[in-house]
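**Q** Output the structure for:
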Amino acid sequence: MGEENSISSPASKRNYIFITLTVFATFIFYGFSETSKGTALPRIQADFDVTELQLGLLLAMNSVGFLIACTVTAAIGRKIGIKTCLIIALCIIIAAGAGICFAPSFLLLSAAFFLLYFGNGMMEVSSNIIAATIFTKNTGTMMNLAHFFYGVGAILAPVLTAGLMAARFGSGVFGWRYMYIIVLGCALIPIIPALIGKMTRQGQGEKKAGYSAILKKPTLWLTMLVLAFGTICELGVAAWFVNFLEKAYAFSTEKAAFQLTLFFICFTLARLALGPLIDKFGFINSLVVSTVFSGVLIAAGVLIGESATPLLVIAGIGVAPVYPTVMAVVSKLFADEIDVAMTAITTIMGILMILVNFMLGGIVYVSRLIFENTHGEKGVGMAYAAGYLFLGLCCIFAFIFALILRRRQKKAGLLV
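**A** Numbering: from 1, shown residues only. Alright, predicted model coming up:
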């Protein structure tokens, strides 16, 4: 089955290389395309003259498209093959790029973004299933390496997309429209090795567990909760770090952005370096250590104050391994039902992340009302500190669920 059929023959080795290239190229592209919206959104808002509420609805539609894709990808993959599912997702993303580029109204632009994030959801689930299927040896190393490439794409995106938007095109500049069609057109790159490589069709010759069966397993829910709270922290830092530093410590935008860059450098290098250690130390043991490490550093960094900002940066080392290591856990604990497990986990995780992100915004909003009344202008910074402290609390929640998972699996003799 899968990779272990034998990658000893030259043909099998070549095939493994092409599928591996597909996974790595997909993750680079995903990091690059996902982070591109950060530089484009202010210009989109200005060009269409929309309010923050309308912009928020646009982003909400992105989440809806992503969640729908997460729920249907496994079923589609079983019918047509998960590799074909990935290729279709990449083609949908290219079509969405054309839609974004030529959208004449904000409504049609929103529809194009919905299509983009539907493709993103299919792409994420498909690529994770493929990675979990082929990386049966040195799983922690390979999973972290794959997600390291996501970090590479995310680091490169702000600079390259800003440069593209400012590039001269005749008498004008490319702007955000042509930037998007160029960036999303890069989805062609992972399609090339995907067309060459071959994968065994999932779900043939054996009866697979359905969603109702797998959702009854406590192990799946514990794994999903570790992933959800760990990923909330990862995405929350990207969204709130600069705002927190500006509002709480009066950092300039440039200085705050530099700290965020340092965080992602720590984050990306950790994914590159920690994989072999995670393989030796154990996946669930690593989750316990990395979540408590990042939670304590974030809490200490906020509570100590401005002088402890480096602790918030270094926390990226602990946040980084959570997502790929959970994927490695899923590949080991649910090897016979990987497509269903992966889809269930990413779907429920997405719903939890939306709810908790609303909660995070609510904490900042309510704290601001309270602290501004008692501390005046200084209360704004205190409110953002309360919100950022909540991210550290999310890591602690992830640690608690990882600890419960570890005890449960150790008792069953299934600790991975």
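**Q** C-alpha only now, for contacts and for neighbours.
**A** Fine.
**Q** So which residues of the chain form strands?
**A** Taking DSSP state E as the criterion, the chain carries its strands at 168-169, 172-173.
**Q** need those in JSON lines with mean pLDDT and distance to Phe244, can you?
**A** Shown next, in JSON lines, are these (pLDDT from 0 to 100; distance: least, CA to CA, whole Å):
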{"stretch": "strand 168-169", "mean pLDDT": "77", "distance to Phe244": "35"}
{"stretch": "strand 172-173", "mean pLDDT": "78", "distance to Phe244": "33"}
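**Q** Could you dump the ones you listed into JSON lines with distance to Lys37 and mean neighbour count added?
**A** Converted to JSON lines, those look like this (distance: least, CA to CA, whole Å; neighbours: other CA atoms under 10 Å):
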{"stretch": "strand 168-169", "distance to Lys37": "20", "mean neighbour count": "12"}
{"stretch": "strand 172-173", "distance to Lys37": "18", "mean neighbour count": "12"}
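**Q** quick one: which of those is nearest Ala213?
**A** When these are compared by CA to CA, strand 172-173 sits nearest Ala213, at 54.2 Å.
**Q** List the neighbouring strands of the closest one plus their orientation.
**A** When pairing is defined by DSSP bridges, strand 172-173 lines up against strand 168-169 (antiparallel).
**Q** for the strands of the chain, which one sits closest to Ser36?
**A** Counting by CA to CA, Ser36 lies closest to strand 172-173 out of these; the figure is 17.2 Å.
**Q** ok, the closest residue in space to Ile370 that isn't next to it in sequence to Ala270 distance?
**A** Sequence neighbours aside, Gly379 is the residue nearest to Ile370 in space, at 7.8 Å (criterion: CA to CA, 6 or more residues apart in numbering). Here the criterion is CA to CA, to the nearest Å. By it, Gly379 lies 35 Å from Ala270.
**Q** Could you measure from the residue nearest to Ile370 over to Lys247?
**A** 10 Å.
**Q** Give the buried residues for stretch 356-370.
**A** By neighbour count on 16 or more other CA atoms under 10 Å, the buried set for stretch 356-370 is 356-357, 360, 363-364, 367-368, 370.
**Q** Switch these over to TSV; also include distance to Gly81 and pLDDT.
**A** Conversion of these to TSV gives the following (distance: CA to CA, whole Å; pLDDT from 0 to 100):
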residue	distance to Gly81	pLDDT
Val356	34	73
Asn357	34	68
Leu360	38	77
Ile363	43	84
Val364	44	81
Ser367	49	86
Arg368	50	83
Ile370	54	89
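**Q** quick revisit: in this structure the residue nearest to Ile370 contacts Val364, no?
**A** No - at 10.5 Å, Gly379 and Val364 do not qualify as touching, with contact defined as CA atoms under 8 Å.
**Q** just to revisit the earlier point, Phe264: which of the buried residues of stretch 356-370 is nearest?
**A** Closest to Phe264 out of the buried residues of stretch 356-370 is Asn357 (20.3 Å), distances taken as CA to CA.
**Q** In the chain, where's the longest helix?
**A** Criterion DSSP state H: the longest helix present in the chain is helix 338-375.
**Q** And that helix, what does it pack against?
**A** Where contact means 3 or more CA pairs under 8 Å, 6 or more residues apart in numbering; DSSP states H and E, helix 338-375 is packed against helix 52-80, helix 106-134, helix 211-214, helix 218-249, helix 322-333, helix 378-411.
**Q** switch to 7 Å and redo it
**A** With contacts taken as 3 or more CA pairs under 7 Å, 6 or more residues apart in numbering; DSSP states H and E, helix 338-375 sits against helix 52-80, helix 106-134, helix 218-249, helix 378-411.
**Q** buried stuff in the first one?
**A** Counting neighbours by 16+ other CA under 10 Å, one finds that the buried residues in helix 52-80 are 55, 58-59, 61-67, 69-75, 77-78.
**Q** Same check on the second one?
**A** By neighbour count on 16+ other CA under 10 Å, the buried set for helix 106-134 is 106, 109-134.
**Q** average pLDDT for that helix?
**A** On average, the pLDDT along helix 106-134 is 91.
**Q** Quick check: can you list the domain ranges of the protein?
**A** 1-197, 211-416 (automatic domain parsing).
**Q** Show me how far the shortest one is from its chain's centre.
**A** Translated: domain 1-197. Here the centre of domain 1-197 is set off from its chain's centre by 11 Å, with CA atoms, centre = their mean, to the nearest Å.
**Q** State the number of residues packed around the closest residue to Asn15 other than its chain neighbours.
**A** Take Asn15 and drop its neighbours on the chain: the residue closest to it by CA to CA, 6+ apart is Gly197, 5.1 Å away. Counted with other CA atoms under 10 Å, the neighbours of Gly197 add up to 18.
**Q** Equivalent analysis for Ala146, please.
**A** 25.
**Q** mind listing what it touches?
**A** 23-24, 27 (CA atoms under 7 Å, 6 or more residues apart in numbering).
**Q** Show the pLDDT at it.
**A** pLDDT, Ala146: 88.
**Q** So, low pLDDT: which residues of the stretch 151-300 of the chain?
**A** Low-confidence segments of the stretch 151-300 of the chain (pLDDT under 70): 200-211, 239.
**Q** so what's Arg406 closest to, chain neighbours aside?
**A** Computed as CA to CA, 6+ apart, the closest residue to Arg406 that is not its neighbour in sequence is Ile284, at 6.0 Å.
**Q** And that neighbour, how far from Val322?
**A** Ile284 sits 10 Å away from Val322 when distances are taken as CA to CA.
**Q** what would the strands of the chain look like in TSV with distance to Ser36?
**A** Output for the strands of the chain, formatted as TSV (distance: least, CA to CA, whole Å):
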stretch	distance to Ser36
strand 168-169	19
strand 172-173	17
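**Q** Can you tell me which of those is nearest to Thr253?
**A** strand 172-173 (25.0 Å).
**Q** So for Pro276, which of the helices and strands packed on helix 338-375 sits nearest?
**A** Ranking the helices and strands packed on helix 338-375 by proximity to Pro276 (CA to CA) places helix 106-134 first, at 16.4 Å.
**Q** and that closest one, what other elements does it pack with?
**A** Using 3+ CA pairs under 7 Å, 6+ apart, the elements in contact with helix 106-134 are helix 52-80, helix 82-102, helix 338-375.
**Q** Tell me who's in contact with Phe267.
**A** The neighbours of Phe267, taking CA under 7 Å, 6+ apart as the test, are 316-317, 320.
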